[in-house]
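Chemist: this one's structure only:
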């Protein structure tokens, strides 16, 4: 006799039964993990609300053979509650093969209210049936718990709750009902937050440095304190901040409270480090307005903090594809001009010189030795490197010193992100979202750089843009795999990395659009279409189309029926609850249908907003054949067989022993002379082949 396990059967009874009927099997020593997915369930009141439902799946990993699992999950039942649960037997990841027992029987949860804000749910899944077959369980899902939000903050702030499973009441049993030792149980977390107003912080930096966060537009919630650090470049010092055009001092980093839209600007000053040195002054010349064959510029080779220098020797190198040497001017130092040795090779791109002074010189401030004039030949950039430097004193001893090079650029370097296009603005986890990012080279030199996309602060991916020509725009496509992404409304951002000496970094970041990821489905489906398989022309045919709400929300939609592509009718469905069916009835007058033709019958449900599966909204199920009038047996001709069929049923009616509904051609619930007459006058007709 097969015994039914009832709802009231305790776990201890299950353990006793398992101990009696299951064969001994060794327990694996592998450490096992039980965890929640998602572990962090974080929402905002923009997308979640009182009555909003979300699912949490309990998983087991690195498991030995399992005979059963018990899970106790403790939560704050003043803000959330559990409504139902599933042992997902339909899921190939379900850890317990059929047959199995679930307690309490889904969908009712085993919910217990302990005290204010303290509740728990306890569920169990165990092996059922015999004889046992090992292994009984494997890695995968133990159960799915559905929670409902019962309270949300009405002012900016958040409600939180731990989702605690790490207790003695959460355990796994092996095939002989012994508890599997060493199981690690990872708790989860729930949060719902009411955000405040959102404000933009526009960060910019003058030449000579950058910032962290990088220059650009950053969006923060009202009340957020943003820390910004100024990062000076080599040979520069941070000077001060300007917030909304006002000097707010030189604290670094600086904190900005987001109580409105703000603009923060970092300023830097040029400052060589202290100590004996020889250097190119200025260290950088960036001239985006330089015109080849027309523009000239000058630099100085200078010294600082040098005592008793008798000679100075150096080699200056440069790129002759960009600039050429056109002039030198040697300057007086301490009232003395040097004796000069010089080798200039403009083809090779170097200038070597040795300056010797009749009396040693001493300087304590930056002092130029020589002014060098260059001609811009082509757009481009070149280092101005000092090499083979040698300084000696009046005793011919080497003077230790540091060397600082220079740089010249005669071009505009500026890349920008100009647009973002999303393939969809809502999705379910696992659905891909294509993000098309448009980048443009606003400079006059070809550029190679990386572009990174984000959802909120999370990286989606990075793509390298190779050889983007001047003024060229190019679309690059990121495919965002949303698998594992928590429910939420995410802002999409694209950033192009700064190229060296970029003239405008504020357009490197572009924020546009949001993608709403939903974990609760909207899905209606046509599950059956029922109609007669054949008719005589003129019959009224009843067609039933059944729809089911496979989603998690109450839905309103329309059900339509078609023969081939012709609409039979439409029925409005109002507020169909999750898991429920609705059957719409349609009447088809076949008077205009063609004899000897076959028609397909189709049911269709209109798409609901955020439809999860569009494929199941249409169901073609069966055909409707229009027979020759009088073709009782359906062999496409009216002959003696049909006459006999009507004659044998003559005089019958529903309930009569001779009743044959197929012989009731005119459908008046009586087989009489009218039916015989219809067959007789159509006798000999044949459907065309």
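Modeler: That came through, no problem. Treat the numbers as computed from the prediction; the structure is a model and nothing was measured.
Chemist: Tell me where the stretch 101-250 of the chain has strands.
Modeler: 111-115, 118-127, 140-149, 157-163, 171-173, 184-185, 188-194, 198-205, 209-212, 216-221, 225-232, 236-243, 246-249 (DSSP state E, counting those that start in this stretch).
Chemist: for the stretch 451-600 of the chain, same thing?
Modeler: Under DSSP E, counting those that start in this stretch, the stretch 451-600 of the chain gives strands at 458-468, 473-481, 488-496, 509-517, 524-530, 534-536, 540-549, 555-563, 566-576, 581-589, 598-605.
Chemist: okay if I get those strands as a markdown table plus mean pLDDT and mean neighbour count?
Modeler: All C-beta spots, glycine's among them, are computed from the backbone N, C-alpha and C. Converted to a markdown table, the strands of the stretch 451-600 of the chain look like this (pLDDT from 0 to 100; neighbours: other CB atoms under 10 Å):
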| stretch | mean pLDDT | mean neighbour count |
| --- | --- | --- |
| strand 458-468 | 94 | 13 |
| strand 473-481 | 96 | 14 |
| strand 488-496 | 93 | 21 |
| strand 509-517 | 91 | 18 |
| strand 524-530 | 95 | 20 |
| strand 534-536 | 92 | 18 |
| strand 540-549 | 95 | 19 |
| strand 555-563 | 95 | 20 |
| strand 566-576 | 95 | 14 |
| strand 581-589 | 96 | 16 |
| strand 598-605 | 96 | 21 |
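Chemist: Next, format these as JSON lines and append distance to residue 647.
Modeler: Shown next, in JSON lines, are the strands of the stretch 451-600 of the chain (distance: least, CB to CB, whole Å):
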{"stretch": "strand 458-468", "distance to residue 647": "77"}
{"stretch": "strand 473-481", "distance to residue 647": "70"}
{"stretch": "strand 488-496", "distance to residue 647": "73"}
{"stretch": "strand 509-517", "distance to residue 647": "69"}
{"stretch": "strand 524-530", "distance to residue 647": "32"}
{"stretch": "strand 534-536", "distance to residue 647": "18"}
{"stretch": "strand 540-549", "distance to residue 647": "26"}
{"stretch": "strand 555-563", "distance to residue 647": "33"}
{"stretch": "strand 566-576", "distance to residue 647": "35"}
{"stretch": "strand 581-589", "distance to residue 647": "29"}
{"stretch": "strand 598-605", "distance to residue 647": "28"}
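Chemist: quick one: which of those strands is nearest residue 401?
Modeler: Closest approach to residue 401 among these is made by strand 488-496 (39.8 Å; CB to CB).
Chemist: helices and strands around that closest one, which ones?
Modeler: With contacts taken as 3 or more CB pairs under 8 Å, 6 or more residues apart in numbering; DSSP states H and E, strand 488-496 sits against strand 40-44, strand 415-422, strand 432-441, strand 447-455, strand 509-517.
Chemist: Same list, these, but as a markdown table with distance to residue 69 please.
Modeler: Converted to a markdown table, the helices and strands packed on strand 488-496 look like this (distance: least, CB to CB, whole Å):
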| stretch | distance to residue 69 |
| --- | --- |
| strand 40-44 | 21 |
| strand 415-422 | 41 |
| strand 432-441 | 34 |
| strand 447-455 | 34 |
| strand 509-517 | 29 |
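Chemist: Looking at the ones you listed, which is nearest to residue 595?
Modeler: Comparing the helices and strands packed on strand 488-496 by CB to CB, strand 432-441 comes nearest, at 50.1 Å.
Chemist: Describe which strands that closest one pairs with in its sheet and in which direction.
Modeler: Applying DSSP bridges, strand 432-441 is found paired with strand 415-422 (antiparallel), strand 473-481 (antiparallel).
Chemist: Include distance to residue 201 when you put these into JSON lines, please.
Modeler: Below are the strands paired with strand 432-441 laid out as JSON lines (distance: least, CB to CB, whole Å):
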{"stretch": "strand 415-422", "distance to residue 201": "18"}
{"stretch": "strand 473-481", "distance to residue 201": "25"}
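Chemist: Can you check which of those strands gets nearest to residue 65?
Modeler: Within those, the stretch nearest residue 65 is strand 473-481; the backing value is 33.5 Å (CB to CB).
Chemist: how far out from the middle of the chain is that closest one?
Modeler: 13 Å (CA atoms, centre = their mean, to the nearest Å).
Chemist: Likewise for stretch 534-554?
Modeler: 39 Å.
Chemist: mind checking pLDDT for the most centrally placed residue in the chain?
Modeler: Geometric centre of the chain, nearest residue: residue 482, 4.1 Å, by CA atoms, centre = their mean. With respect to pLDDT, residue 482 has a value of 94.
Chemist: mind listing what it touches?
Modeler: Residues in contact with residue 482 (CB atoms under 8 Å, 6 or more residues apart in numbering) are 427, 428, 429, 430, 431, 432, 433, 517.
Chemist: What of residue 69?
Modeler: Contact analysis of residue 69 by CB under 8 Å, 6+ apart lists 34, 60, 95-96, 124-126, 137, 142-143, 171-173.
Chemist: To residue 234, which of the strands of the stretch 451-600 of the chain lies closest?
Modeler: Taking these one by one with CB to CB, strand 488-496 is closest: 23.6 Å.
Chemist: if we can go back for a sec, gap between the residue nearest to the centre of the chain and residue 518?
Modeler: Distance, residue 482 to residue 518, by CB to CB, to the nearest Å: 10 Å.
Chemist: What of residue 95?
Modeler: Taking CB to CB, one finds residue 95 at 26 Å from residue 518.
Chemist: can you check residue 230 too?
Modeler: As defined by CB to CB, residue 230 lies at a distance of 42 Å from residue 518.
Chemist: ditto for residue 46
Modeler: For residue 46, the distance to residue 518 - CB to CB - is 13 Å.
Chemist: So residue 590 is in contact with residue 627, correct?
Modeler: No. When contacts are counted by CB atoms under 8 Å, residue 590 is not listed as touching residue 627 (10.4 Å).
Chemist: Just want to know which of these two has more residues nearby.
Modeler: Per other CB atoms under 10 Å, whichever of residue 590 and residue 627 has more neighbours is residue 627, with 22 against 19.
Chemist: I figured that one was touching residue 535, is that so?
Modeler: Yes. Counting by CB under 8 Å, residue 627 touches residue 535, with 7.1 Å between them.
Chemist: Next, residue 355: phi, psi?
Modeler: In terms of degrees, to the nearest 10, the main-chain angles of residue 355 are phi -110, psi 120.
Chemist: ok, and the closest non-adjacent residue to it?
Modeler: residue 338 (3.8 Å; CB to CB, 6 or more residues apart in numbering).
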